[in-house]
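1. okay, predicted coordinates and the sequence, questions at the end:
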Amino acid sequence: MLFLGLLLLLTLLAGTRLLWSRWRLRSLHLPPFAPGFLHHLQPNLPIYLLGIAQKLGPIYRLRFGLQDVVVLNSKRTIEEAMVRKWADFAGRPQTPSSKLVSQHNQDLSLGDYSLLWKAHKKLTRSALLLGIRDSTEPLVEQLTQEFCERMRAQAGTPMDIQKEFSFLTCSIICGLTFGDKDDTLVHAVHNCVQDLMKAWGDWSIQILDMIPFLRFFPSPGVWKLKRLIGNRDNLVEQQLKRHKESLVAGQWKDITDYMLQGVGQLRENEGPGQLLEGHVHMSVVDLFIGGTETTATTLSWAVAFLLHHPEIQRRLQEELDSELGPSASDSQVTYKDHRRLPLLNATIAEVLRLRPVVPLGLPHRTTKPSSIFGYDIPENTVIIPNLQGANLDEMVWERPYEFWPDRFLEPGKSPRGLSFGCGARMCLGEPLARLEIFVVLARLLHTFTLLPLEGALPSLQPQPYYGVNLLMQPFQVRLQPRGLGVPGLA
């Protein structure tokens with residue numbers, strides 16, 4: 001009886017709050033409303049939201065569980081909010097799930113907008129772009145070459161390329177962040193990230209954001225996530241301790257060294273906000289969560305599309321042979337080569353356009369009352385940028401659902417997509433991700449021909465979308481070393 005009474009009370013409170021919110025907003029010119037409250041259960045949510053936009057226009061409201069949100073479905077509406085009025089839309093809703101995975105709300109990706117958040121972002125961005133500037137590309141090239149050598153040992157046999165890409169990207173992040181790419185550490189970090197993402201994406205966690213009062217009830221999913229977060233924090237703390245013990249003033253060998261020294265300097269100079277070691281801790285977490293599976297999944301989508309389009313794979317190999325020479329073993333793929341490889345750049349851009357790994361970005365929150373194209377947007381409104389929907393906008397893209405890399409080969413014809421977001425909250429790891437994707441694909445296609453298993457092309461339909469990342473259906477591929485006489489493709 002006590003349980004039922006509490007449930008009824010919470011339901012009444014939620015209903016009262018909803019009615020009060022509607023009454024308070026009655027005088028505003030709000031975006032049109034899409035009826036219903038189970039929208040989030042749609043298996044292909046970004047495409048479903050784009051379908052609603054075709055009826056109501058590119059900006060509308062709907063209800064995710066008990067929460068009203070505004071969805072932006074076009075490049076124009078997203079850029080209006082996130083670029084031209086970025087300060088109004090730079091907030092982050094502090095949801096039950098985000099509070100679970102953040103350490104005392106010091107997370108960068110999920111943290112709310114503030115002066116302290118800006119200082120945290122500046123430090124992390126500086127570590128990525130300045131602290132490891134000279135070591136990033138050599139490390140990516142070295143690990144990619146070693147990756148291809150391992151793949152050559154398995155040539156011709158079916159392999160789970162998604163898993164191999166996942167270990168490769170984790171090795172790169174381990175090397176850049178901790179200065180250590182030992183297999184034991186890489187496997188520990190990789191398993192930690194995999195377990196966390198799976199637990200965080202579980203319905204028992206995601207539903208807390210839709211129906212917040214459920215957090216007051218026992219949940220095995222929450223208990224499991226908290227245990228995994230404890231494991232995550234122990235792993236990171238061990239690395240921070242190791243770095244502090246060997247830290248030399250004015251010197252750094254990796255991102256962690258750079259950020260620890262940056263935090264110390266800000267304390268001495270009384271910079272904006274009090275950045276603490278916990279901020280370094282959560283920056284490291286963000287780098288692993290945001291920098292391993294996202295890049296690995298993009299590489300996997302690229303392989304899947306090329307298996308479906310062998311003629312584009314053939315043209316890419318001809319371009320690589322022409323610019324880098326016919327033998328991959330005698331050449332080094334560097335990012336400066338990207339200007340000489342326009343078709344490879346176009347192919348990467350097309351994969352990112354069609355399959356942005358975080359298709360709905362992360363939700364934003366308005367920091368003050370604002371507007372988008374004549375519609376009033378109240379303060380504290382949750383905003384969802386449908387990045388995949390914007391990348392399929394028929395007003396911007398010709399033949400938007402078609403895999404057609406050549407669209408990017410015509411100067412001025414096709415704008416850049418929004419796969420990494422835009423504005424103040426755009427992905428800090430975009431330069432690193434683009435470097436990795438380019439170097440790995442160039443080396444892979446120069447060394448191997450990608451072949452499907454007989455009669456088993458991979459599905460180009462993603463798994464049902466309920467979490468953060470757009471995941472692929474599992475598939476296998478054969479890597480045939482080039483020059484071994486594969487008909488039409490060698």
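-> Structure received.
2. what secondary structure does residue 397 sit in?
-> Counting by DSSP: H, G, I helix; E, B strand; the rest coil, the backbone at residue 397 sits in coil.
3. again with residue 110
-> Classified using three-state DSSP, residue 110 is coil.
4. burial count for it?
-> 21 (other C-beta atoms under 10 Å). No exception for glycine: its C-beta is placed from N, CA and C like everyone else's.
5. one more: residue 435?
-> There are 19 residues near residue 435, going by other C-beta under 10 Å.
6. separation between it and residue 299?
-> 12 Å (C-beta to C-beta, to the nearest Å).
7. kindly report the same for residue 211.
-> Counting by C-beta to C-beta, the gap from residue 211 to residue 299 is 36 Å.
8. same check, this time on residue 395
-> Distance from residue 395 to residue 299, by C-beta to C-beta: 30 Å.
9. before we move on, what about residue 322?
-> Going from residue 322 to residue 299 by C-beta to C-beta gives 23 Å.
10. okay, those two: which has more neighbours?
-> Remark: of residue 322 and residue 299, residue 299 carries more neighbours, 25 against 11, as counted by other C-beta under 10 Å.
11. these two touch, right, that one and residue 438?
-> No. If you go by C-beta atoms under 8 Å, residue 299 and residue 438 don't touch, sitting 10.5 Å apart.
12. quick one: the helices in the stretch 101-250 of the chain?
-> Secondary structure of the stretch 101-250 of the chain (DSSP state H, counting those that start in this stretch): helices at 115-126, 133-153, 161-178, 183-200, 203-210, 220-246.
13. of those helices, flag the one that's most buried.
-> Mean neighbours per residue, mean count of other C-beta atoms under 10 Å, is largest over these for helix 161-178, with a mean of 23.
14. which residues are in contact with residue 376?
-> Shown in contact with residue 376 (C-beta atoms under 8 Å, 6 or more residues apart in numbering): 28-30, 369.
15. repeat that with 10 Å
-> 25, 27-31, 369-370 (C-beta atoms under 10 Å, 6 or more residues apart in numbering).
16. closest one to residue 159 out of those, please.
-> Nearest to residue 159, judged by C-beta to C-beta, of the contacts of residue 376 is residue 31 at 47.2 Å.
17. hmm, back to that, and the furthest pair within the contacts of residue 376?
-> Farthest-apart pair in those is 27 and 370; separation 16.2 Å (C-beta to C-beta).
18. give me the more crowded residue out of those two.
-> Between residue 27 and residue 370, counted using other C-beta under 10 Å, residue 370 has the larger neighbour count: 19 against 8.
19. my read: that one touches residue 377, true?
-> Yes. Counting by C-beta atoms under 10 Å, residue 377 is a contact partner of residue 370 at 4.9 Å.
20. mutual contacts of those two, please.
-> Shared contacts of residue 370 and residue 377 (C-beta under 10 Å, 6+ apart): 81, 85, 88-89, 383.
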